[in-house]
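Enquirer: Below: sequence and its predicted model.
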Amino acid sequence: MEETSVQSLKQINKYSDEITIEKEIKLNCYHSYISSFFVKSDLRLKLLSIVYIDIELNKILKLNTENNILIVKFEWWKVSCQESLAGKPFAVPILRILNQLFYEDKIIKFRILNLIKFFQNYALEENSRYKIKCYHRYIKYKNDFLRYILDIKTIDNRAYKALNYALLYKAYEKFNKNKEKNICLYKAKLNCKRPNAKILILFLLNSKLNFNKLLLLKQFFYVKFRYW
């Protein structure tokens, strides 16, 4: 009876944590929230967990300017994620979700730590030219991470080239480099306008298309035919 109660409590917590994470992503990155519906339902929470970490890392950078504070907060994320994946209980929804999804998964633990390190390198880089490169490395690593958790093993050559250009587009867009981003987007579309349904999510997360509530039906129709 007691064991059943514990299991029920875990299910309630899991459901509550999922809602918390979804609400936060919906509020802070509506485009990623809608894009997540284009993956299989059993993989969606895994995708959202990485999107959520990305949002939290960006919040740290946005709200803090001193390097020593940034380092402390990034270190907290590294240690907490590592301990959560090893089984330590936390009251933080995303850490409980990571534990439920990836408990004792050494590859995921390594990848999450690296993801935070790549973001930290970008956040602490002061040279503007190198900062773009650091950010590009970060989103490229995040993209490879998503490929891993979504079990996308192969991508044909044209789609692979297109995706690399899409990542460059996203990096240049972040730093308002209009000329460079437009060239990269053009080359990405030239190589692959309609990616395979399985890899569509990778393009959506790095696309010019931005889901918004006003045009949502039109955009859903557009993406149904795999135009990104």
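Expert: Yes, it's here. Numbering: from 1, shown residues only.
Enquirer: Spatially central residue in this structure, please.
Expert: Centroid-nearest residue in the chain: residue 51, 3.1 Å away (criterion: C-alpha atoms, centre = their mean).
Enquirer: For that residue, give its distance to residue 62.
Expert: Between residue 51 and residue 62 the computed distance is 16 Å (C-beta to C-beta, to the nearest Å). All C-beta spots, glycine's among them, are computed from the backbone N, C-alpha and C.
Enquirer: returning to that earlier point: contact partners for the residue nearest to the centre of the chain?
Expert: By C-beta atoms under 8 Å, 6 or more residues apart in numbering, residue 51 lies in contact with 25, 29, 32, 36, 205.
Enquirer: So the first one sits against residue 35, correct?
Expert: No. Shown here, residue 25 and residue 35 do not form a contact pair, counting by C-beta atoms under 8 Å, at 10.1 Å.
Enquirer: show me what contacts residue 168?
Expert: Residue 168 makes contacts with 136, 180-181, 184, as judged by C-beta under 8 Å, 6+ apart.
Enquirer: Narrow these to just the buried residues.
Expert: Neighbour-count burial (16 or more other C-beta atoms under 10 Å) is assigned, among the contacts of residue 168, to 136, 180-181, 184.
Enquirer: Now flag whichever of the residues you listed is closest to residue 214.
Expert: residue 181 (23.9 Å; C-beta to C-beta).
Enquirer: Among the contacts of residue 51, which one has the most neighbours?
Expert: Ranked by neighbour count (other C-beta atoms under 10 Å), those have residue 205 at the top, with 24 neighbours.
Enquirer: Tell me how far that residue lies from residue 131.
Expert: For residue 205 relative to residue 131 (C-beta to C-beta), the value is 21 Å.
Enquirer: same deal with residue 28?
Expert: Applying C-beta to C-beta, the value for residue 28 to residue 131 is 22 Å.
Enquirer: avg pLDDT for stretch 85-92?
Expert: Confidence for stretch 85-92, expressed as mean pLDDT, is 94.
Enquirer: Can you list the low-confidence ranges for this protein?
Expert: Where the chain drops to pLDDT under 70, the residues are 1-14.
Enquirer: Now for residue 89, how many residues are close by?
Expert: 9.
Enquirer: what does residue 85 give?
Expert: Residues near residue 85, counting by other C-beta under 10 Å, number 22.
Enquirer: For it, give me the backbone phi and psi.
Expert: Backbone geometry at residue 85, expressed as degrees, to the nearest 10, gives phi -70, psi -20.
Enquirer: you'd agree it is up against residue 108?
Expert: Yes. Using C-beta under 8 Å as the test, residue 85 is close enough to residue 108 to be in contact (6.7 Å).
Enquirer: who touches both of these two?
Expert: Contacts common to residue 85 and residue 108, judged by C-beta under 8 Å, 6+ apart, are residue 102.
Enquirer: coming back round to it: overlap of the contact sets of residue 25 and residue 35?
Expert: Common neighbours of residue 25 and residue 35 (criterion: C-beta under 8 Å, 6+ apart): none identified.
Enquirer: which residue ranges form the helices in the chain?
Expert: Here the chain has its helices, by DSSP state H, at 2-28, 30-35, 41-63, 67-86, 93-102, 106-124, 128-149, 157-174, 178-191, 200-204, 216-224.
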